[in-house]
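[1] sequence first, then the predicted structure:
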Number of protein chains: 2
Amino acid sequence: MEHRKVPEHEAIYLRIREMILFGVLVPGQPVTIQGLVEVLDAGTTPVREAIRRLTAEGALEAKGNRRITVPELSLTQVEELYFARLSIEPKLVQIAVPRANEELTKHLREIDNHLNAAISEGDIEGYLKYNYRFHFALYEAAGAGILLALAQSLWLRAGPSLRGVLGRYANTIQPDQHDITIRALENHDAATACRAIEDDIRQGMDQVRQVLIFGDSAAQNTVKSVLAD
Amino acid sequence: MEHRKVPEHEAIYLRIREMILFGVLVPGQPVTIQGLVEVLDAGTTPVREAIRRLTAEGALEAKGNRRITVPELSLTQVEELYFARLSIEPKLVQIAVPRANEELTKHLREIDNHLNAAISEGDIEGYLKYNYRFHFALYEAAGAGILLALAQSLWLRAGPSLRGVLGRYANTIQPDQHDITIRALENHDAATACRAIEDDIRQGMDQVRQVLIFGDSAAQNTVKSVLAD
DNA sequence: TTCTCAAAAATATGATCAAATATTTTGAAC
DNA sequence: GTTCAAAATATTTGATCATATTTTTGAGAA
């Protein structure tokens, strides 16, 4: 049995990463090395290395004065992410479609069921996790490591802010795009799959954008108006 | 005098980064922490942190067995970079054009002069450095930090392989696109500037691609045929 | 306010331990 | 006696930790 021992710095990296992706650490929150050392009961060196990695990925932000925080997105940064996600993620889907097999669609359906369950239970964290898993199970199928890494970085950047709005407007979540995506995969219909993922990205990013432009009160209405179309 | 001291790990990061970008470290080359500690005359912790950062950026590759190398690009990876660079970098130019002022174009012209001098002297390293500076002086003018970080990562990934081919075919370098770009900036002509950068990216990446497909002997001819168009 | 200084946090060093690779040794078969 | 491969050993490198040093912050005094 090949049980490769995962180095501490790798394990710590993954733990902090999840804390960022799934809402334990929120935008603007200061992150101290010492603090993480205590919370995670780890040594300073592994925590330090994990933080450097996450900073390089844009999941954390190194302020000038040796302070580190979870980034708060500005409006222009949201626009950048909007553009970048729409450039990279549909491409991953396009590559993945011809490589998709029944195993993949079955797996995606499983994840999507968990996702829907989480939504109906109002389980935000569950929603975030299964949504993440859905997208990256799909993206990984493309076998395109560089684009995948870019997508990972983009999710790490968008994740915390996305969580912020979803936490407030969980009821407006529209998982329909996932169904469409899976069906398109089964039909080897790349164009439809790409469009579904594009729409999925737009839905999420639009909410973040609306909150930034109009403040908290706006996102709800915006989403409702989209639903009414 | 406010001389904020740059932390060792930051300085080391920058040094290793340059070694990767400008050809001291070549694709496939194993990189050891201990080795860098000796070469750079540094402590293990700063080197370690710098390596984690560079690994996250794709400038280095962590093999399973705790080994680290400068990545060798596969053909599919080159295609990924091709696509990603063409997605991100022209967008940065598009954003930069309306923000460009005389100071910027003057600076770019300066860099471009150095670049041309380096080419006529057959100074590969100089070429690489000024080419890098040209692109990122332009990209930075966009004021789009996230897209800029993505572009940086893409250059770190493409750089070593690009150097490999340029080192062999320095005489085929076509810096014309830079002239076109600067003039387009002066005319606030975003479309032309974007197209020039696209062509610039294509020229470089095509050479890498050709070498990967047909081996060393092919790139020269391919470039010539492009010139003959 | 501005300055000083102590506490807290980040940074960096070097030592120690563990893991992986490289080298040598061993021993059986031919 | 030679060859080859497996075992044993040595060496290199990576991972982590404890500790010392430096930097920053922020409270309180001038």
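    All right, it came through fine.
[2] show me the domain layout of chain A.
    Under the assignment automatic domain parsing, the domains of chain A span A:8-69, A:75-228.
[3] for DNA strand C, what are the nearby residues on chain A?
    Taking C-beta under 7 Å from any atom of the strand as the test, the list of chain A residues beside DNA strand C reads A:4-5, A:32-35, A:44-45, A:48, A:66-68. Heads up, the C-betas are built off the backbone N, CA and C, glycines and all.
[4] if we go to 10 Å?
    Contacts of chain A with DNA strand C, taken as C-beta under 10 Å from any atom of the strand, map to A:4-5, A:7, A:30-38, A:43-45, A:47-48, A:51-52, A:55, A:62, A:65-68.
[5] show me which helix or strand of chain A is least confident by mean pLDDT.
    Counting by mean pLDDT, DSSP states H and E, the weakest-scoring helix or strand in chain A turns out to be helix A:216-228, with a mean of 46.
[6] now do the buried residues in stretch A:16-35.
    Using 16 or more other C-beta atoms under 10 Å in any protein chain shown as the test for burial, stretch A:16-35 gives A:16-17, A:19-25, A:27, A:31.
[7] touching DNA strand D at all, whichever strand or helix holds residue A:38?
    With elements delineated by DSSP states H and E, residue A:38 resides in helix A:33-40, which encompasses its position. Yes: counting by C-beta under 10 Å from any atom of the strand, DNA strand D is contacted by helix A:33-40 at residue A:37.
[8] and the next helix or strand past that helix?
    Remark: after helix A:33-40, the chain's next helix or strand is helix A:44-56, criterion DSSP H and E.
[9] what's the helix or strand following that following helix in contact with?
    Along the chain past helix A:44-56, the next helix or strand (assigned with DSSP H and E) turns out to be strand A:61-62. Contacts with strand A:61-62, where a contact means C-beta atoms under 8 Å, 6 or more residues apart in numbering or on different chains, come from A:55, A:68-71.
[10] which residue packs closest to residue A:81, ignoring adjacent ones?
    The shortest distance from residue A:81 to any residue other than its chain neighbours is 5.1 Å, reached at residue A:158 (C-beta to C-beta, 6 or more residues apart in numbering or on different chains).
[11] quick one: that neighbour and residue A:201 touch, right?
    No: under the contact definition of C-beta atoms under 8 Å, residue A:158 does not touch residue A:201, with a separation of 9.2 Å.
[12] need the overlap of contacts for these two.
    Residues touching both residue A:158 and residue A:201 (C-beta under 8 Å, 6+ apart) are residue A:85.
[13] which other helices and strands contact the helix holding residue A:38?
    Judged by 3 or more C-beta pairs under 8 Å, 6 or more residues apart in numbering or on different chains; DSSP states H and E, the packing partners of helix A:33-40 are helix A:8-21, helix A:44-56.
[14] point out the most buried one among the ones you listed.
    Among those, the stretch with the highest mean neighbour count (mean count of other C-beta atoms under 10 Å in any protein chain shown) is helix A:44-56, at a mean of 22.
[15] measure the residue nearest the centre of chain A to chain B for me?
    Among the residues of chain A, the smallest C-alpha distance to the mean C-alpha position (C-alpha atoms, centre = their mean) belongs to residue A:155, namely 3.9 Å. Residue A:155 sits 13 Å away from chain B when distances are taken as C-beta to the nearest C-beta, to the nearest Å.
[16] and what of residue A:17?
    From residue A:17 over to chain B the distance is 11 Å, taken as C-beta to the nearest C-beta.
[17] repeat for residue A:193
    Applying C-beta to the nearest C-beta to residue A:193 and chain B gives a distance of 17 Å.
[18] ok, residue A:108 next?
    According to C-beta to the nearest C-beta, residue A:108 and chain B sit 23 Å apart.
[19] go on, residue A:177?
    According to C-beta to the nearest C-beta, residue A:177 and chain B sit 22 Å apart.
[20] tell me who's in contact with that residue.
    By C-beta under 8 Å, 6+ apart, residue A:177 lies in contact with A:196-197, A:199-200, A:203.
[21] mind giving me the ChimeraX select for those, buried ones only?
    Here the buried members of the contacts of residue A:177 are turned into a ChimeraX selection, burial being counted by 16+ other C-beta under 10 Å:
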select /A:196,197,200,203
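[22] the contacts of residue A:177 in helices, which ones?
    For those, the ones inside helices are A:196-197, A:199-200, A:203, with DSSP state H as the criterion.
[23] now flag whichever of those is closest to residue A:149.
    Proximity to residue A:149 was ranked across the ones in helices among the contacts of residue A:177 by C-beta to C-beta; first place goes to residue A:197, at 17.8 Å.
[24] so who does that closest one touch?
    Counting by C-beta under 8 Å, 6+ apart, residue A:197 touches A:89-90, A:93, A:135, A:138, A:177, A:181.
[25] how about the residues of chain A that lie near chain B?
    Taking C-beta under 8 Å from any C-beta of the partner chain as the criterion, chain A approaches chain B at residues A:4, A:7, A:9, A:45, A:48-50, A:52-58, A:64, A:66, A:76-77, A:80-81, A:83-84, A:87-88, A:91, A:143-147, A:149-150, A:153, A:157.
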